[in-house]
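Trainee: below: sequence and its predicted model.
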Amino acid sequence: MRGAAYDRIVQLTTFPAETPPDEIAGHLRAHGYAIVERAVDDAVMDRLAAEAAPHIAASDAGRDDYDGRHTRRTGALIARCPTARELVMHPTVVGTVGAFLDHVTSFQLHLTQIISIEPGETQQKLHRDEMAFDFYPFPTDYHVQCNTMWALTDFTVENGGTHVVVGSSTVPEPAAASLPSGQVVMPRGSVLFYDGKVLHGGGANTSAGPRQGVNITYCVGWVRQEENQYLACPPEVARTLDDDLLRMMGYQEGAFALGYVGDQEDPLAVLRGEHRKKRTIAETPQRSDDHRQFVDELAADQRA
Ligand SMILES: O=C(O)CCC(=O)C(=O)O
């Protein structure tokens, strides 16, 4: 399905940088997207652009029309670009993603990728990012991921600002085709949030320069990450990073029994060469009634 089917063009809503995360998450939940303008200043994006430039230049163009034959994709940003770490852990982003994915024990980094849409690129096929999970049909009300796209360059209509089909997260095809679509126009340093169900895709670039977006996405702790963070960032680099970032990269338990090492050891402790057991089922935050009931029954059985 091409963007051409979505010909009711709407103006997308933007929020100022100081907007509280709960408010951003509320808009995201209702419409499938939210845009926060100028969440970081030019100095941050200048640093990131300088760190990324040699890696972007060395990245290949895509091999099909989905990846984009005039689009370069540059990953492993935690290891390659120290400034990308700030974007991954930006408080507005972590707050918004946490509010949006508040139904799970933990969430984690899913992928880091600079998407450089170069002049001559055509519009990407509209898609829902959740399809990465083997096209599993997650329930409409269960969100498995929350995405961001930072503007490393300005996003414009001409250079390929992302197309978003507003409200499509809960609407299956073909009805989704009658929904209004908007194109993300935002100044450098802004960040687009979008959920894993909303139809969207990169725009055509009819301008003379590249459109560069820093795609940093997050997923619930119990699914496999799109970018393998344990290999994309070698352990010797990972050991230099702080604990909060490492937990976000996946050096944490994804749920009470997921991601431990060896004899039920905590992955962050193992990376640091320490010994610490993972949390027990009762010590793990209990986000569901089933989890709470299990822990209560276990305690009652132990008392009996
Ligand atoms: O570059 C964009 O604006 C969107 C890219 C995208 O959705 C994708 O490659 O999955």
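Mentor: Sure thing, it's come through. Just so it is clear, the model here is predicted, and its values are computed rather than measured. Numbers count the residues shown, from 1 in each chain.
Trainee: where does residue 177 land in three-state SS?
Mentor: helix (DSSP: H, G, I helix; E, B strand; the rest coil).
Trainee: that one: neighbour count?
Mentor: 17 (other CB atoms under 10 Å). Where you see a C-beta, it was placed from the backbone N, CA and C, and this is true even at glycine.
Trainee: residue 199 versus that one, what's the distance?
Mentor: Computed as CB to CB, to the nearest Å, the residue 177 to residue 199 distance reads 9 Å.
Trainee: repeat that for residue 35.
Mentor: Counting by CB to CB, the gap from residue 35 to residue 199 is 17 Å.
Trainee: which element is residue 217 on?
Mentor: Assigned by DSSP states H and E, residue 217 falls within strand 211-220.
Trainee: what helices and strands are in contact with that strand?
Mentor: With contacts taken as 3 or more CB pairs under 8 Å, 6 or more residues apart in numbering; DSSP states H and E, strand 211-220 sits against helix 42-57, helix 82-88, strand 107-117, strand 145-151.
Trainee: 6 Å - rerun?
Mentor: Counting contacts by 3 or more CB pairs under 6 Å, 6 or more residues apart in numbering; DSSP states H and E, strand 211-220 packs against strand 107-117, strand 145-151.
Trainee: and it with the ligand, contact?
Mentor: Yes: on the criterion CB under 6 Å from any ligand atom, strand 211-220 is in touch with the ligand at residue 213.
Trainee: once you drop chain neighbours, what's closest to residue 86?
Mentor: Nearest non-adjacent residue to residue 86, counting by CB to CB, 6 or more residues apart in numbering: residue 44, 6.6 Å away.
Trainee: distance of the one you found from residue 97?
Mentor: 19 Å.
Trainee: the more surrounded of those two?
Mentor: The residue with more neighbours, out of residue 44 and residue 97, is residue 97; 28 against 18, by other CB under 10 Å.
Trainee: so how far is residue 191 from the more buried one?
Mentor: Relative to residue 191, and taking CB to CB, residue 97 is found at 11 Å.
Trainee: same thing with residue 136?
Mentor: For residue 136 relative to residue 191 (CB to CB), the value is 27 Å.
Trainee: please identify the buried residues of the helix or strand following the strand holding residue 217?
Mentor: Downstream of strand 211-220, the first helix or strand assigned by DSSP H and E is helix 229-232. Of all the residues in helix 229-232, those buried under the rule 16 or more other CB atoms under 10 Å are 229, 232.
Trainee: likewise stretch 94-110?
Mentor: Residues of stretch 94-110 classed as buried: 94, 96-101, 104-110 (neighbour count, 16+ other CB under 10 Å).
Trainee: ok, now stretch 275-288?
Mentor: For stretch 275-288, burial by neighbour count (16+ other CB under 10 Å) applies to 278, 279, 284, 286.
Trainee: these into CSV, with extra columns for secondary structure and pLDDT?
Mentor: As requested, the buried residues of stretch 275-288 are exported to CSV (DSSP: H, G, I helix; E, B strand; the rest coil; pLDDT from 0 to 100):
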residue, secondary structure, pLDDT
278, coil, 96
279, coil, 96
284, coil, 95
286, coil, 92
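Trainee: quick check: of these, which lies closest to the ligand?
Mentor: residue 284 (32.2 Å; CB to the nearest ligand atom).
Trainee: any idea whether residue 121 is helix, strand or coil?
Mentor: Relying on three-state DSSP, one would call residue 121 coil.
Trainee: how much space between the residue nearest to it when sequence neighbours are not counted and the ligand?
Mentor: Leaving aside its chain neighbours, residue 121 sits nearest to residue 70 (3.8 Å; criterion: CB to CB, 6+ apart). In this view, residue 70 and the ligand are 12 Å apart by CB to the nearest ligand atom, to the nearest Å.
Trainee: if the residue nearest the centre of the chain is in a bridge, with which residues?
Mentor: Centroid check for the chain by CA atoms, centre = their mean gives residue 217 as the closest residue, at 1.2 Å. Applying DSSP bridges to residue 217 gives these bridge partners: residue 111, residue 147.
Trainee: ok, it touching residue 111?
Mentor: Yes: the pair residue 217 and residue 111 qualifies as a contact (CB atoms under 6 Å) at a distance of 5.2 Å.
Trainee: report the closest residue of the stretch 51-200 of the chain relative to the ligand.
Mentor: As assessed by CB to the nearest ligand atom, the ligand sits closest to residue 162 within the stretch 51-200 of the chain, at 3.4 Å.
Trainee: burial count for the residue nearest to residue 170 when sequence neighbours are not counted?
Mentor: Using CB to CB, 6+ apart and skipping the chain neighbours, the partner closest in space to residue 170 is residue 140 (5.1 Å). Residues lying near residue 140 (other CB under 10 Å) number 11.
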